[in-house]
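A.B. asks: Here's a sequence, model it:
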Amino acid sequence: MYVEWSTVVDVPTAHGDRAEMLRILHADPQASRHAAPEQRLAQADKVGSSSQVGEFWWDDDVFVFRQDGMLARKDLVRAVELLAAGRDDEVLALLAPFDDDEDNTEEAE
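C.D. replies: Take a look at the predicted model:
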């Protein structure tokens, strides 16, 4: 399974097997801003992500999910399946809370 992840809203925006993702990526009007879809998937196969700056590579084992918590890579497929079924609340149960030391929390005034 391939998952397109938005770093703007911190959620998966598309998913599918290789053929489905190629169809989605070829239909994307913003595709010209990126490498060719085949190259993007080859990059994802190799390092875990199509990111050219090292985000979400295989050594990244968690993703920030909607600023609600951290989603483990091992739970990514399950989260995508739940989201596709409209079971968003169940995704929240997969999340680990942010560490107090991380920059994702607001400082007390």
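A.B. asks: Now do the contacts for residue 94.
C.D. replies: Applying CB atoms under 8 Å, 6 or more residues apart in numbering, we find residue 94 in contact with 71-72, 75, 78-79, 82. Every C-beta, even on glycine, is put in place using the N, C-alpha and C of the backbone.
A.B. asks: Among those residues, which ones are in strands?
C.D. replies: The members of the contacts of residue 94 that map onto strands under DSSP state E are 71-72.
A.B. asks: Please list only the buried members of the contacts of residue 94.
C.D. replies: Buried residues within the contacts of residue 94, counting neighbours by 16 or more other CB atoms under 10 Å: 71, 75, 79, 82.
A.B. asks: want to try TSV for those, with distance to residue 41 and pLDDT as columns?
C.D. replies: TSV is the format used below for the buried ones among the contacts of residue 94 (distance: CB to CB, whole Å; pLDDT from 0 to 100):
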residue	distance to residue 41	pLDDT
71	21	96
75	22	97
79	20	96
82	24	96
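A.B. asks: Just give me the neighbour total for residue 33.
C.D. replies: Neighbours of residue 33 under the rule other CB atoms under 10 Å: 7.
A.B. asks: Could you do residue 83 as well?
C.D. replies: For residue 83, the neighbour count with other CB under 10 Å is 16.
A.B. asks: ok, it to residue 53 distance?
C.D. replies: When distance is defined by CB to CB, to the nearest Å, residue 83 is 25 Å away from residue 53.
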